[in-house]
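Asks: prediction below, plus the sequence it came from.
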Amino acid sequence: MLFNKTLNLVFDKLAQPQIHILERSASSYQVCGYTGLILGTLLGMILAAYKGLSLWTLIGLTGTSMLTFLTLVMITKIITGEEQIIYYHHEIAIMIMAAIFLWVLNQPVLPYLDITILGIGIFLVCGRVGCLMVGCCHGKPHKWGVCYRKEHADVGFTKHYVGVRLFPIQAAESIWVLFIVIVGTIIVLGKHPPGEALAWYVINYDIGRFLFEFVRGDPERPYYWGFSEGQWISVILMCTVVWGEFAGFLTFHLWHIAATAGIVLTMIMVTLTRRFRGTNKHKLLNPHHVRELAEAVEQVSAMAAQRTVFSRGNAMPAAVPMGRTSLGIQISAGKIQEDETIIHHYALSSQQGTMSKDIANPLVDLIIRLKHPSCSKELVTQNRGVFHLLIRPINAGGEK
């Protein structure tokens, strides 16, 4: 308990959207990004010098990478109307343009791509620290982690998670990528064939990224057939490396095939488990649906604040404003006077049939985390699949 509390304080202290340097403020995300760019460039120069590669080619490669990065940011902003930096999109674009640049100059491709991917990795290590500080690419609710504030929501953080403690998945990814880069650097410095560091980075990062996506809670990322875009790209890139090894472009590694097969098998097993479980819990807890539920709770709570507070035992009004989600979850809210205590009341039901307890329980946990983290709960089941959630303060007779 003490360890969790200390860790929470550390993360809360680290989560600062602005960094103050010499009486000036700068975006934490941008500072971390520039730091990653500098460190990645330095690492590339050191490795290129050690391997006897052309410094001028590396400078041109760095310029090509930066131009590709900025061009993709601009194109994305034109298409979507907002500035977005999606790591996988930029990694793929930079690696493709780097390979074309090297091919045009008639330079050996794989030695430079080894260095390029490690430089990108250092950039990502710092970038994820920036994500942790400002609140983007955040995790799901957890008992320990980082608790973001309104100042983070003002710069783009998911508003319904303000004040909710979230798992620090950005920190986990940063540490994982740092490990990959360190080992990749050792590979480049050793007597390994060109392309080894590239394959090592792609396989290992994609394994981690595939698993990390299950813990992400930001609603901005798209999902297809139950898996995020990042998970699909991870599988595609791993398969690409395996294909390159079979084709003879990269050194063959049996464990790369095993790792790729393991991830594909994981997708199949997760899909089958979800299908036969029958509750669609993964859809209920999908970040997109969590946002819908949070908006519905906020809507009915605002309406409840304008209505009369009823005494427990008295009849509730016949017409109660109700919020709905795309999955047919219906929710209403009200307040009940019990002695000196105001009890928050939520009614949950399903528009698509009778709601079961397996569906109600995760929804109840979400409402508690989003709106009443320091309160006790009482879940009452009614006929026809209607569940009543009663929430009271801990100091009002509730149990911890």
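Replies: That came through, no problem.

Asks: in whichever helix or strand residue 33 is part of, what counts as buried?
Replies: If you go by DSSP states H and E, residue 33 is part of helix 28-51. Under the neighbour-count criterion of 16 or more other C-beta atoms under 10 Å, helix 28-51 has 28-29, 31-33, 35-37, 39-41, 43-45, 47-48 buried. For every residue, glycine as well, the C-beta is placed using N, CA and C.

Asks: okay, now the domains of this structure?
Replies: 2-277, 308-393 (automatic domain parsing).

Asks: would you tell me which one of those is buried the most?
Replies: Comparing the domains of the chain by mean neighbour count (mean count of other C-beta atoms under 10 Å), domain 2-277 ranks first with a mean of 17.

Asks: my guess is residue 188 contacts residue 194, does it?
Replies: No: taking C-beta atoms under 8 Å as the definition, residue 188 is not a contact partner of residue 194, at 9.2 Å.

Asks: give me the distance between residue 174 and residue 153.
Replies: Residue 174 sits 23 Å away from residue 153, going by C-beta to C-beta, to the nearest Å.

Asks: just residue 295 next, same as before
Replies: 14 Å.

Asks: can you check residue 302 too?
Replies: Taken as C-beta to C-beta, the span from residue 302 to residue 153 is 17 Å.

Asks: over to residue 137?
Replies: Using C-beta to C-beta, residue 137 is found at 15 Å from residue 153.

Asks: kindly export the one helix or strand residue 269 maps to (C-alpha atoms) in CSV.
Replies: According to DSSP H and E, residue 269 maps onto helix 254-277. Presented in CSV, the C-alpha positions along helix 254-277 are these (Å, rounded to 0.1, in the frame of the first residue of the first chain):
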residue,chain,number,x,y,z
LEU,A,254,13.5,-19.4,-35.9
TRP,A,255,12.3,-17.5,-32.8
HIS,A,256,11.1,-14.7,-35.0
ILE,A,257,8.7,-17.1,-36.7
ALA,A,258,7.7,-18.5,-33.3
ALA,A,259,7.1,-15.0,-31.9
THR,A,260,5.0,-14.0,-34.9
ALA,A,261,3.0,-17.2,-34.8
GLY,A,262,2.5,-16.6,-31.0
ILE,A,263,1.0,-13.2,-31.6
VAL,A,264,-1.3,-14.4,-34.4
LEU,A,265,-2.4,-17.3,-32.2
THR,A,266,-3.0,-14.8,-29.4
MET,A,267,-5.3,-12.8,-31.7
ILE,A,268,-7.2,-16.0,-32.6
MET,A,269,-7.6,-17.1,-28.9
VAL,A,270,-8.7,-13.6,-27.8
THR,A,271,-11.3,-13.6,-30.6
LEU,A,272,-12.6,-17.0,-29.7
THR,A,273,-12.7,-16.2,-26.0
ARG,A,274,-14.7,-13.0,-26.7
ARG,A,275,-17.1,-14.8,-29.0
PHE,A,276,-17.9,-17.7,-26.7
ARG,A,277,-17.9,-15.6,-23.5
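
Asks: who touches it?
Replies: Residues outside helix 254-277 that contact it (C-beta atoms under 8 Å, 6 or more residues apart in numbering): 199, 203, 206-207, 210, 225-227, 231, 234-235, 238-239, 241-242, 245, 280-282.

Asks: state the mean pLDDT of the helix holding residue 33.
Replies: Taken as a whole, helix 28-51 has an average pLDDT of 94.

Asks: check which helices and strands the helix or strand following it sits against.
Replies: Later in the chain than helix 28-51, the nearest helix or strand by DSSP H and E is helix 55-80. Counting by 3 or more C-beta pairs under 8 Å, 6 or more residues apart in numbering; DSSP states H and E, the packing neighbours recorded for helix 55-80 are helix 28-51, helix 87-104, helix 109-134.

Asks: mind putting the ones you listed into JSON lines with distance to residue 378?
Replies: As requested, the helices and strands packed on helix 55-80 are exported to JSON lines (distance: least, C-beta to C-beta, whole Å):
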{"stretch": "helix 28-51", "distance to residue 378": "41"}
{"stretch": "helix 87-104", "distance to residue 378": "44"}
{"stretch": "helix 109-134", "distance to residue 378": "36"}
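
Asks: if we can go back for a sec, tell me, what's touching residue 188 and residue 194 both at once?
Replies: Taking C-beta under 8 Å, 6+ apart as the criterion, residue 188 and residue 194 both touch residue 114.

Asks: can you pull out the low-pLDDT segments for the stretch 201-350 of the chain?
Replies: Scanning the stretch 201-350 of the chain for pLDDT under 70 picks out 278-279, 304-320, 338-339.

Asks: quick one, helices of it?
Replies: 229-247, 254-277, 281-284, 287-305 (DSSP state H, counting those that start in this stretch).

Asks: okay, the ones you listed in a markdown table with distance to residue 92 next?
Replies: Converted to a markdown table, the helices of the stretch 201-350 of the chain look like this (distance: least, C-beta to C-beta, whole Å):
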| stretch | distance to residue 92 |
| --- | --- |
| helix 229-247 | 8 |
| helix 254-277 | 17 |
| helix 281-284 | 27 |
| helix 287-305 | 23 |
